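Colleague: here is my input; please provide its structure:
(one chain, ligands or ions: 1)
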Amino acid sequence: MIKIQNYINGSFVDSVTTQTFNNTNPATGKTYSSIPDSNSEDVELAYKAAQGTFLGWKSLSINERSQYLLKIASEIQNQLNELALAETIDNGKPLWLAKKVDIPRAAANFHFYGTGILHWDAKAHFMEGEAVNYTTHNPIGVAGCISPWNLPLYLFTWKIAPALATGNTVVAKPSEVTPMTAYLLSKICDKVGLPKGVLNIVHGYGNKVGSAIVSHTKIPVISFTGGTSTGAEIARIAAPMFKKLSLELGGKNPNIIFSDCNFEQALKTTVSSSFANQGQICLCGSRVFIQEDIYEKFKNALIEKTNKLVVGDPEENGVTTGAMVSEQHMKKVLSYIELAKQEGGNVLVGGKQKKLEGRCAEGYFIEPTIIEGLTQDCRTNQEEIFGPVITIESFKTEEEVIEKANSTKYGLSATVWTEDVRKSHRVAHNLDAGIIWVNTWLLRDLRTPFGGVKNSGVGREGGFEAFQFFTEPKNICIKL
Ligand code: NAD
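Modeller: So this is what the prediction gives:
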């Protein structure tokens, strides 16, 4: 049994309560580690450590701060295999995926922001003969970073790295469902000699640790990724304190396939964009719209390819689809499949829990599921399911599909498949989403703004947007 500990002021400590709760491997259903059940007192200790070191950290040269981030990046890369296995055990995702995407991206986050900060410049505005204005970008103080379970180390580091690069110190909380790689990150920070108190990681439940960070009167900036209802609660608490907020929330993303698409590419990528990471990526396309002239052909090919996905032990080679992150989440997703049937949906593929044998007999697996026959106004098509479940529907015209695609309260991402370049621009411009992919999916350039519109969030991460978020501009006007 591994004992996860908080990382506060450079030390590994239990919660002040000394209480813990269990952490489960979702592929086996077995408890394998314990998590500190921390509360507001632990957050206070973390805050004090972060505040105590803020002046020292922000006074370092950007080159010195950059060096620390780059050391963390290379140590993550050095520990690729161990971290990937830890992520797989904690989350249920296939090991190859953790090795290919999650852990390299966590290293890339530190590398990107560790080098990006060296290139971030400030503006000056001259008033001819009268004055010069120059604008500095100052770190805000202690930043609160709260992340979800679907891409654990990937999203945790995506917040922490720009906060640290810009000279803030951090109190961070990973998801209580997947805390292991955050714990291993604290070991890495210790190993590379990050000054104590610069990054503090407090483990525990959202309604204790997360809410203590959000309601802390002296933590002025909160970066949160998670569900829309949690985001609304955070905004409710933080707004009267005028905190700076970045909220990266849920999605119900459309995937639009026009009949003039490259059929094979659209098909292959649609299987990934529907079911990768068991459909537990906020950017997965859960509503698939197929133009009527290719509807039957595309549907049948999609069914055939989906039937070939291999649901199994995430540590085994050849497995495409691992475990759902928890029993509770598996049950939630299965309840949505039942709801879809009640709403008149016809399950074309999957639709059930997948029972495995051997080591994973008690694990939480769901068959990749395709549902047909639902209109856009039903709950199945309006609410985020966040699992390996898609609905498919045919459409006739561009106008019709845009209206349908935009019909939810969400607006995170959208995917469009067409070989007509004019149409691709037209449709992309008319879709309500922060990120549009044309003839690709999940292709990320870390310099680009990342975030959603409508109930998918407030603010943008990525590139210099994150530096803007974690700093306050100050204009200084000097009379000549
Ligand atoms: P969640 O909202 O339940 O939890 C996210 C984090 O917030 C966890 O660390 C949790 O402990 C904490 N938390 C819970 N209640 C809190 C509170 N009252 N105050 C402060 N913190 C609290 O989300 P989840 O189930 O972990 O993640 C899945 C959701 O995340 C999905 O909706 C998904 O779309 C979304 N997501 C969005 C993005 C994006 O970039 N937009 C990326 C990944 C996941």
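
Colleague: for Glu465, what are its contacts?
Modeller: Going by Cβ atoms under 8 Å, 6 or more residues apart in numbering, Glu465 touches 449-450. For the C-beta atoms, the positions are set from N, CA and C on the backbone; glycine is no exception.

Colleague: now the helix or strand where it lies: how far from the chain's centre is it?
Modeller: Per DSSP states H and E, Glu465 falls inside helix 463-469. Centroid separation for helix 463-469 versus its chain: 17 Å, with Cα atoms, centre = their mean, to the nearest Å.

Colleague: tell me the helix or strand right after it.
Modeller: With elements assigned by DSSP H and E, the helix or strand that comes after helix 463-469 is strand 471-479.

Colleague: close to the ligand, is the helix holding Glu465?
Modeller: No: using Cβ under 6 Å from any ligand atom, helix 463-469 stays clear of the ligand, coming no nearer than 12.5 Å.

Colleague: give me the mean pLDDT for stretch 291-303.
Modeller: Across stretch 291-303, the average pLDDT comes to 98.

Colleague: got the residues of the protein near the ligand?
Modeller: So far as Cβ under 6 Å from any ligand atom goes, the chain lies against the ligand at 146-150, 155, 173, 175-176, 206-207, 210-211, 214, 225-227, 230, 233-234, 248-251, 282, 384, 386, 412, 452, 457.

Colleague: hmm, which of those residues are the buried ones?
Modeller: Among the residues of the chain next to the ligand, those scoring as buried are 146-150, 155, 173, 175-176, 206, 210-211, 214, 225-227, 230, 233-234, 248-251, 282, 384, 386, 412, 452, 457 (criterion: 16 or more other Cβ atoms under 10 Å).

Colleague: let me see the contact set for the residue nearest to Asn406 when sequence neighbours are not counted.
Modeller: Leaving aside its chain neighbours, Asn406 sits nearest to Asp432 (4.7 Å; criterion: Cβ to Cβ, 6 or more residues apart in numbering). Counting by Cβ under 8 Å, 6+ apart, Asp432 makes contact with 406, 411, 453-454.

Colleague: highest neighbour count among those residues?
Modeller: Of all the contacts of Asp432, Gly411 has the most neighbours under the rule other Cβ atoms under 10 Å, reaching 23 neighbours.

Colleague: for that one, give me phi and psi.
Modeller: phi -160, psi 60 (degrees, to the nearest 10).

Colleague: then Gly144?
Modeller: Dihedral angles (degrees, to the nearest 10) for Gly144: phi -100, psi 130.

Colleague: equivalent analysis for Met324, please.
Modeller: Here is the backbone geometry of Met324 (degrees, to the nearest 10): phi -70, psi 160.

Colleague: tell me the centre residue of this protein?
Modeller: Closest residue to the average C-alpha location of the chain: Leu155 at 4.8 Å, with Cα atoms, centre = their mean.

Colleague: quick check, that one in a helix?
Modeller: Yes: per DSSP: H, G, I helix; E, B strand; the rest coil, Leu155 lies within a helix segment.

Colleague: dump the residue contacts of it.
Modeller: Per Cβ under 8 Å, 6+ apart, neighbours of Leu155: 147-148, 225.

Colleague: one step back: the buried ones among the residues of the chain next to the ligand in helices, which ones?
Modeller: The members of those that map onto helices under DSSP state H are 155, 211, 214, 230, 233-234.

Colleague: what count of nearby residues applies to the closest residue to Arg426 other than its chain neighbours?
Modeller: Distance criterion Cβ to Cβ, 6+ apart; nearest residue to Arg426, sequence neighbours excluded, is Glu398 at 7.1 Å. Residue neighbour count, defined by other Cβ under 10 Å, stands at 17 for Glu398.

Colleague: tell me the strands beside the helix or strand where Ile290 lies, with direction?
Modeller: Element membership for Ile290 (DSSP H and E) is strand 285-291. Using DSSP bridges, the strands paired with strand 285-291 are strand 253-257 (parallel), strand 389-395 (parallel).

Colleague: got a markdown table for those, with mean pLDDT, mean neighbour count and distance to Arg359 too?
Modeller: A markdown table is the format used below for the strands paired with strand 285-291 (pLDDT from 0 to 100; neighbours: other Cβ atoms under 10 Å; distance: least, Cβ to Cβ, whole Å):
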| stretch | mean pLDDT | mean neighbour count | distance to Arg359 |
| --- | --- | --- | --- |
| strand 253-257 | 98 | 28 | 34 |
| strand 389-395 | 98 | 23 | 26 |
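
Colleague: how close does Pro254 get to the ligand?
Modeller: 15 Å (Cβ to the nearest ligand atom, to the nearest Å).

Colleague: once you drop chain neighbours, what's closest to that residue?
Modeller: Leaving aside its chain neighbours, Pro254 sits nearest to Ala405 (3.7 Å; criterion: Cβ to Cβ, 6+ apart).

Colleague: show me what contacts the residue nearest to Arg426?
Modeller: Listed by Cβ under 8 Å, 6+ apart, the contact set of Glu398 reads 258, 423, 426-427.

Colleague: and those, which of them are in helices?
Modeller: 423, 426-427.

Colleague: now the buried members of the residues you listed.
Modeller: For the ones in helices among the contacts of Glu398, buried by 16+ other Cβ under 10 Å: Val427.

Colleague: between the ones in helices among the contacts of Glu398, which is closest to the ligand?
Modeller: Val427 (21.8 Å; Cβ to the nearest ligand atom).

Colleague: does Ala98 touch Glu87 like I think?
Modeller: Yes: using Cβ atoms under 8 Å, Ala98 is in contact with Glu87, at 4.2 Å.

Colleague: straight-line length of stretch 22-40, end to end?
Modeller: Start and end residues of stretch 22-40 are separated by 20 Å (Cα to Cα, to the nearest Å).

Colleague: for stretch 14-30, that is, sorry about that
Modeller: Start-to-end, stretch 14-30 (Cα to Cα) is 23 Å.

Colleague: wait, Lys404 touches Phe289, no?
Modeller: Yes: taking contacts as Cβ under 8 Å, Lys404 lies within contact range of Phe289: 6.5 Å.

Colleague: how far off centre is stretch 371-382?
Modeller: Centroid separation for stretch 371-382 versus its chain: 25 Å, with Cα atoms, centre = their mean.
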